[in-house]
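> quick one: sequence and predicted model below, then my questions.
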Amino acid sequence: MVSLPSDDYFSSDFYTQTMIDYIDSNLDDGKPFLAWVGYQAVHYPHQAPKSFIDKYDGVYDDGFEALRVSRLEKQKELGLISANVELDPEFAKTTYEPWRMPDWEALNEEEQAFNARRMQTYAGMLDNMDVNIGRLLQHLEDKGITDNTIVIFMADNGPDPNQLPLSEAYRDWYKANYDKVYIEDFEGDFSDMGQKGVYADYGPGWAAAAAVPGSYFKTFSTEGGLRVPLIVRFPGVVAPGAQIDKFAYVRDILPTLLEVAGVKTPCGTYDGREIYAPDGFSMLPVFKGEADTVRGEDNPVGYELAGSSAVFQGRFKLMQNLDPKGTGEWELYDIETDLSELHDLAGEMPDRVAEMRSFFDAYAKEVNLVPVPEGYNPLEQTVINAKRNAGH
């Protein structure tokens, strides 16, 4: 058993201070530094200092759908998305009920209060992370190195709707490791949700709101599952407030940092072993305004995870989500205009579908992709794994 560093330990606070200490430890050696901070936020269990959670009292009392709508309208107001973007109202493509949109009005008063506090807890955890990122940026400022430092912020996947404690296979584990997990544990008082010994996640309703304007969730190949924020701060290169509405992929980050640092892309051999060169593209020309896109039509990207597949090519995305996540059909969307993926273009553009499917087949062969078995459900697989390993 590992002991925590202090009684008031909170991971985001600790990670931030530790990174500040790392930066200071050799700041004067004349060498550039690479720092990566992988916050636990906002992975469940959702927890945060109570003041951050209480800050959002009443904010989420109108429920899931109201939040989805208000966020969509705010994004349109800020010019982040087109005024024509709509929301998927039902998430009807999935046949798995725990991933469908729940009805806020069908909940009783206690259930609504429980769920509102769950979203408050998530928001408090995110707010605290934002404050800590501010601490890091201020430290760079205090040390006089802001103008010579590129900062990249991004998430790793779309929101997670899963509620593992609702599975009987996990119930004993959660009861043994947390003081409070289930609505009945709180006896009507949810004020200590998000505190030490209390478990919280937030379920498909709030996850759907977090995915706006996209649809569906983590492990899906929809925009709600894959599209994440990418925020870059690079004084003198990226203008404050600049917005670039073009596709880039996670594999493009390493080539970008290499170019910024003036380091040649590794290739050949090292210590007798072959080096597999990064296959991304630098985003720096786009940051500088020297190019319109990171990846054009001739640089498509293949993707697969847990039975959900996609090909990105220019402004188009071809995707497939096997049952129970989706219909199993290959669907084609213009993801520059149809962020919720409501208007399937596959029937109108069969030649493009064929071209992108051919690319995916080649990609699958190249990476030795192993197809999932029929009916594969990643949430239910975790239950199978838990039973097999007798642990979580």
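Good, I have the coordinates. Numbers count the residues shown, from 1 in each chain.
> alpha carbons only for contacts and neighbour counts from here, please
Fine.
> what does stretch 48-68 contact?
10, 104, 112-113, 116-117, 119-125, 127-128, 192, 194-195, 205-206, 208-210, 212 (Cα atoms under 8 Å, 6 or more residues apart in numbering).
> what is the neighbour count of Gly268?
10 (other Cα atoms under 10 Å).
> so it versus Val367, what's the distance?
Distance of Gly268 to Val367, computed by Cα to Cα, to the nearest Å: 20 Å.
> can you give me the neighbour number for Leu257?
With other Cα under 10 Å as criterion, Leu257 counts 17.
> go on, the one 5 residues further on?
Each residue near Gly262 was counted by other Cα under 10 Å, and the total is 9.
> from Met154, how far out is it?
23 Å.
> just Asp201 next, same as before
Taking Cα to Cα, one finds Asp201 at 21 Å from Met154.
> next one: Asp189
Counting by Cα to Cα, the gap from Asp189 to Met154 is 35 Å.
> what about stretch 138-152, start to end distance?
With Cα to Cα, one end of stretch 138-152 sits 15 Å from the other.
> my bad, should have said stretch 47-67
21 Å.
> swap in stretch 297-315?
8 Å.
> likewise for stretch 232-246?
14 Å.
> which residues touch it?
Contacts to stretch 232-246, defined as Cα under 8 Å, 6+ apart, come from residues 146-153, 287-288, 293-294, 336.
> rerun at 7 Å
147, 149-153, 287-288, 293 (Cα atoms under 7 Å, 6 or more residues apart in numbering).
> which of the residues in that stretch are buried?
Within stretch 232-246, the residues scored as buried using 16 or more other Cα atoms under 10 Å are 232-234, 237-238.
> and which of those is nearest to Ala346?
Val232 (34.1 Å; Cα to Cα).
> next SSE downstream of the helix or strand encompassing the closest one?
Using DSSP states H and E, Val232 sits within strand 230-233. Next along the chain after strand 230-233, taking DSSP H and E as the criterion, comes helix 253-261.
> give me the mean pLDDT for that following helix.
For helix 253-261, mean pLDDT is 94.
> about what we covered before: restricted to helices, list the contacts of stretch 48-68.
Per DSSP state H, helices hold the following members of the contacts of stretch 48-68: 112-113, 116-117, 119-125, 127-128, 205-206, 208-210.
> distance check, Met19 against Val151.
Taking Cα to Cα, one finds Met19 at 14 Å from Val151.
> how about Phe316, phi and psi?
phi -110, psi 150 (degrees, to the nearest 10).
> now do Val151
Val151 has phi and psi values of phi -120, psi 130 when expressed as degrees, to the nearest 10.
> next, count neighbours for it.
Under the neighbour criterion other Cα under 10 Å, Val151 is assigned a count of 14.
> chain neighbours aside, what residue packs nearest to it?
Distances taken as Cα to Cα, 6 or more residues apart in numbering put Arg233 closest to Val151, at 5.1 Å, once the chain neighbours are dropped.
> ok, Asp13 next?
Nearest to Asp13 is Asn132, by Cα to Cα, 6+ apart, at 6.5 Å.
> residues in contact with the one you found?
12-13, 16.
> of those residues - the most surrounded one?
Busiest of the contacts of Asn132 [other Cα under 10 Å] is Ser12, holding 24 neighbours.
> that one contacts Met129, doesn't it?
Yes. At 6.1 Å, Ser12 and Met129 qualify as touching, with contact defined as Cα atoms under 7 Å.
> tell me, what's touching the two both at once?
By Cα under 7 Å, 6+ apart, no residue touches both Ser12 and Met129.
> distance of Asp192 from Asp179?
11 Å.
> neighbour count: the two, which is higher?
With neighbours defined as other Cα under 10 Å, Asp192 and Asp179 compare such that Asp192 has more, 17 against 14.
> for that one, give me the pLDDT.
pLDDT, Asp192: 96.
> dihedrals phi and psi, it?
phi -100, psi 10.
> what's the burial count for Gln381?
Neighbours of Gln381 (other Cα under 10 Å): 11.
> what helix or strand is it on?
Per DSSP H and E: helix 378-389 holds Gln381.
> quick revisit: helix, strand, or coil at the residue nearest to Asp13?
helix (DSSP: H, G, I helix; E, B strand; the rest coil).
> contacting residues for Gly268?
With contact set as Cα under 7 Å, 6+ apart, Gly268 has these partners: 274-275.
> quick check: it vs Pro278, distance?
Applying Cα to Cα, the value for Gly268 to Pro278 is 12 Å.
> go on, Val294?
Between Val294 and Pro278 the computed distance is 15 Å (Cα to Cα).
> give me phi/psi at the residue at the greatest distance from the centre of the chain?
Within the chain, the residue lying farthest from the chain centre (Cα atoms, centre = their mean) is Gly272, at 37.3 Å. Main-chain torsions, Gly272, degrees, to the nearest 10: phi 80, psi 0.
> that one and Asp279: what is the separation?
21 Å.
> thinking again about what came up before, the buried residues of stretch 232-246: which two are farthest apart?
Among those, Val232 and Val237 lie farthest apart (Cα to Cα), at 9.9 Å.
> which one among the contacts of stretch 232-246 gets closest to Val37?
Phe153 (9.6 Å).
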